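coordinates for the following, if possible.
(one chain, ligands or ions: 1)
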Amino acid sequence: MRLLVTGAGGQLGSDVVAAASAVGDEVVGLDHRALDITDRDSVLGAITTLRPDALINAAAWTAVDACEADPDRAFTANAVAVRWLAEGCHRTGAHLVHVSTDYVFDGSLDRPYHEWDSTSPRSVYGASKLAGEHEALELGPAAAVVRTSWLCGEHGSNMVTLVRRLAADRVGHAGALAFVDDQRGCPTFTADLASMLRRLALDRRAGVHHVTNQGAVSWYEFVVEILRASGHDPALVRPIGTAELDPPRPAPRPANSVLDNAVLRAACLPLLRDFRDGPLQELVTKLS
Ligand SMILES: NC(=O)c1ccc[n+]([C@@H]2O[C@H](COP(=O)([O-])OP(=O)(O)OC[C@H]3O[C@@H](n4cnc5c(N)ncnc54)[C@H](OP(=O)(O)O)[C@@H]3O)[C@@H](O)[C@H]2O)c1
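Numbering: from 1, shown residues only. As a prediction, the model looks like this:
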């Protein structure tokens, strides 16, 4: 497969390039400097020149709180740019796999969200990503949208890297770290997700897919697991409620971010592993 990866310098994009290269795909990974996806001429030029079989879009403006203050920038990068990518794919016949987020939901359901649940984003970031989904899905059977959550990878800033940095400074101080216990989701490891994105591209799968590692936890519970996996005392962290965050974050987060991977199950595709059965420890080892 000849694969084009946009956002290739990011946490997920770099692992998509690595996963596809490892299985022998012909991969071109373009980072933000090499291709700004908001530039329509450059996007159309790149796609028509490279003529990939599939394009995996891992580029996005992911600064969730900053998006609140600059909706134009958020919608340009996360929605309008996807229109240019879809246009390029339409011209060349490339299959588009576009990455989206749990933040398209408001988090009020009392069960995991499946692919057909109503979306209702609470933040500018979530709204811009939802608009990007619509742009991708305009391609019909030539596009898949993959919603994922709580990404952690070797090449990014994420909860694993944050907790390890904080813990190293506060050894021996029980309760020194405080994380919320009333927001739940599925931590997802980019190395695992990358392989599934590549599979969906190869199969030219269409429509919305939820793809996460298995294992739903609160942020507090996830931090306990990270501390354990890193050889730190889990008593370093204490649970708090979102209302106790001081100052509160500009963008509201969904309380329930758990995504049911219903389409993968129905299509008899393998679910990603439970994050406690390898992925977390593997990432900790890579970071050590
Ligand atoms: N991180 C999470 O927890 C999470 C959860 C759910 C879904 N997602 C989704 O997963 C995808 C990958 O996220 P990630 O964690 O890998 O984020 P990331 O590390 O921030 O990577 C995104 C990449 O996109 C690049 N980018 C931004 N604007 C661009 C533009 N106009 N043209 C080209 N590249 C651009 C960024 O480059 P610069 O940094 O140089 O601007 C960055 O390298 C995104 O679609 C995100 O919405 C992420």
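
which parts of the chain sit against the ligand?
Contact residues, the chain versus the ligand (Cβ under 6 Å from any ligand atom): 6-7, 9-13, 32, 35-38, 58-62, 77, 81, 99, 101-102, 129, 148-151, 156. Using the backbone N, CA and C atoms, a C-beta is placed for each residue, glycine as well.

if we use 5 Å, what do you get?
7, 9-12, 32, 36-38, 58-60, 62, 77, 99, 101, 148, 151, 156 (Cβ under 5 Å from any ligand atom).

now, those residues that are in helices?
Gln11, Leu12 (DSSP state H).

now, of the residues of the chain next to the ligand, which are buried?
For the residues of the chain next to the ligand, a neighbour count by 16 or more other Cβ atoms under 10 Å gives the buried set as 7, 9-12, 32, 37-38, 58-60, 62, 77, 99, 101, 148, 151, 156.

check whichever residue of the chain sits closest to the ligand and give its pLDDT.
Here the residue of the chain nearest the ligand is Gly10; by Cβ to the nearest ligand atom that distance is 2.2 Å. You'll see Gly10 listed with a pLDDT of 98.

so what does the helix or strand Gly29 falls within touch, helix or strand wise?
Using DSSP states H and E, Gly29 maps to strand 26-30. Applying 3 or more Cβ pairs under 8 Å, 6 or more residues apart in numbering; DSSP states H and E, one finds that strand 26-30 contacts strand 2-6, helix 11-22.

turn the ones you listed into CSV, including distance to Glu138.
Formatted as CSV, those follow (distance: least, Cβ to Cβ, whole Å):
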stretch, distance to Glu138
strand 2-6, 17
helix 11-22, 23
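
buried deepest among the ones you listed, which one?
strand 2-6 (a mean of 27; mean count of other Cβ atoms under 10 Å).

that one - contacts with which helices or strands?
helix 11-22, strand 26-30, helix 40-50, strand 54-57.

okay, now the sheet partners of that strand, with direction.
strand 26-30 (parallel), strand 54-57 (parallel) (DSSP bridges).

got the angle between it and helix 11-22?
Angle, strand 2-6 to helix 11-22, by axes from the mean of the first three to the mean of the last three Cα atoms, to 10 degrees: 170 degrees.

mean confidence (pLDDT) on strand 2-6, please.
For strand 2-6, the per-residue pLDDT averages 98.

from now on call the first residue 17
Yep, numbering from 17; the last one is strand 18-22 now.

between helix 56-66 and that strand, find me the angle.
Using the same axes, to 10 degrees: strand 18-22 against helix 56-66 is 160 degrees.

who's in contact with strand 18-22?
For strand 18-22, contacts defined as Cβ atoms under 8 Å, 6 or more residues apart in numbering pick out 29, 32-33, 36, 41-46, 51, 53, 62-63, 66-75, 101, 110, 214, 217.

please redo it, this time with the cut-off set to 7 Å
Strand 18-22 is contacted from outside by 29, 32-33, 36, 41-46, 51, 53, 63, 66, 68-75, 101, 217, using Cβ atoms under 7 Å, 6 or more residues apart in numbering.
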